[in-house]
Each structure stands twice: as C-alpha cells, then as structure tokens.
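Student: Okay, here's the prediction I keep looking at, along with the sequence it came from:
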Amino acid sequence: MPCSVFICSVEYMNSSEVVSTQTGIHPNLEKVVQKHRETEFLKPIAEHTHRAFDLVLPDILSYNNRIVLDTGCGTGESTMHLAQLHTESLVIGIDRSEHRVAKAPNQPENAIVLRAEVSDFVCLCYNANIQVETMYFLFPNPSPKPYHLLRRWHAHPVFSKVLSISNTIQLRTNWDLYALEFVIALQLYGIQAKVEEYTPIVPISPFERKYHASGHRLYVVKTHLK
C-alpha cells in the first residue's frame, strides 16, 4: 500500500532479519510433535479466556460456525482486514495483551477483538465442537532460540486440537525455518502442505507491512484439512 496511506517510517524500513543458531530443522521436532499427538493437553483454562469465550459464543452460534480466528492479532488491524476478506464469516481476533487489544480500531460488524489465551480459546472451541473455517497464524513470534522450540505453534501441545477444529490453516512468517517446520509437523499428521514465497499486494498486519518494507522474504503455508 502506498506510503500516503500508511507512513513508511525509518523503523519499518530497518526491521532486523530473524537470527538463530538453529540452521536446520530442529532435531527434536518429530519427537515433540509425536509426543503431543499421543497425549492430551490438560492445562487449566484461564478465567479471562473463559469469560471471553462465553461472551462471543452466542455470536459464534448465530454464524453457524462460520468462524475465522486471527491468532495473536495485536491491535486488531489484521482482524479488520480479514473481516473485509471473509464477509460472510465472524472474524475473531485474539491476543493475550490487554494493552494491545485496548488499541484495536473500530471493527466491521462481522469482527470482534478479544483478550484471551489462544491455546485456551482453541481448547474451548474443541470442547464445544466448534469448527473454524480458517485459522490464521500471521507472523507469530518465531522463538528462534533452539531451546524455545515448544513456543512455536507447530510444536505446541495444543497443535493437535488446532488441526481438529480447523477446516483451513494459513501461516505467514519471515523465517523460512519456521514455515518448513510447520509443514513437517503437518506431514506428521498426514497433512500435505508446502512453503511458498509471496509478496503482499496490501499488507494485512503491521508485521507484514514492516517486514515487507524492510525487504524481508516472506513465506506462506496454506492447507485445507477438511
């Protein structure tokens, strides 16, 4: 999008590339994914996420499960763009930061931004048999340090539930290894996907805009599960 619409600041033009001592697929990835596939994720649900889920549940039901989840939505700019893309669906932006959620712009009628833990919200959807049309992971924290593997979504204990409730998943990232690991984790569940490099026409999130303006290579993984 032209700089007349979004100010391309010096900060945006100089965003650092992802730096990691990990130079290939994490050696423990397959073991971790298989372990989580065979065990139940039993972490207690945070009370504030329970409240957020109960708040939005009537809207979810009114949309007959035509739901899009924008995980880690930050200030909700991406949620607004996704609502304009998925006009027949309810787009729910979720972020754990009360501070960021409080900065969310006014959303279209088919969108809402909530403060909640994404992993807990996924579990509540799973328990309520709610199916999600598309779950977006837009530039999640890459957690590039090798000992932070479990912080990556594809190595998280809730990943099996993510796959269970989602019809489609889309990941966008500026770290090729994150995308490659995501694909391998999907393959361990028998799901085929591939990494594609892309150039956004109109960036839909601040991170995408920042990394694109800084000249980073951007990667997307899309897969249909059902």
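Tutor: It's in. Residues are numbered from 1 along each chain as shown.
Student: switch to C-alpha atoms for all contacts and neighbour counts from now on
Tutor: OK.
Student: tell me which element Gln204 is part of?
Tutor: Just so we're on the same page, residue 204 is Ile rather than Gln. In the assignment (DSSP states H and E), Ile204 maps to no helix and no strand.
Student: Hmm, Ser78 and it touching each other?
Tutor: Yes: counting by C-alpha atoms under 8 Å, Ser78 is a contact partner of Ile204 at 5.1 Å.
Student: which of those two has more neighbours?
Tutor: Counted by other C-alpha atoms under 10 Å, Ile204 and Ser78 do not tie: Ser78 has more neighbours, with 24 against 17.
Student: Output the longest helix seen in the chain as CSV - backbone C-alpha positions only.
Tutor: If you go by DSSP state H, the chain has its longest helix at helix 47-62. Listed next in CSV are the C-alpha coordinates belonging to helix 47-62 (Å, rounded to 0.1, in the frame of the first residue of the first chain):
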residue,chain,number,x,y,z
GLU,A,47,-10.6,-17.5,33.7
HIS,A,48,-10.4,-14.4,31.5
THR,A,49,-10.4,-16.7,28.4
HIS,A,50,-13.5,-18.5,29.8
ARG,A,51,-15.2,-15.1,30.1
ALA,A,52,-14.2,-14.0,26.6
PHE,A,53,-15.4,-17.3,25.1
ASP,A,54,-18.7,-17.1,26.9
LEU,A,55,-19.1,-13.5,25.6
VAL,A,56,-18.6,-14.4,22.0
LEU,A,57,-20.3,-17.8,22.0
PRO,A,58,-23.8,-16.5,21.1
ASP,A,59,-22.3,-14.8,18.1
ILE,A,60,-20.4,-17.9,17.1
LEU,A,61,-23.6,-19.9,17.2
SER,A,62,-25.5,-17.2,15.2
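Student: quick one: buried residues of that helix?
Tutor: Going by neighbour count (16 or more other C-alpha atoms under 10 Å), the buried part of helix 47-62 is Thr49, Ala52, Phe53, Ile60.
Student: again, but for stretch 125-140
Tutor: Applying 16+ other C-alpha under 10 Å to stretch 125-140 flags 125-126, 130-140 as buried.
Student: Now, those that are in strands?
Tutor: Among the buried residues of stretch 125-140, the members falling in strands (DSSP state E) are Val132, Glu133, Thr134, Met135, Tyr136, Phe137, Leu138.
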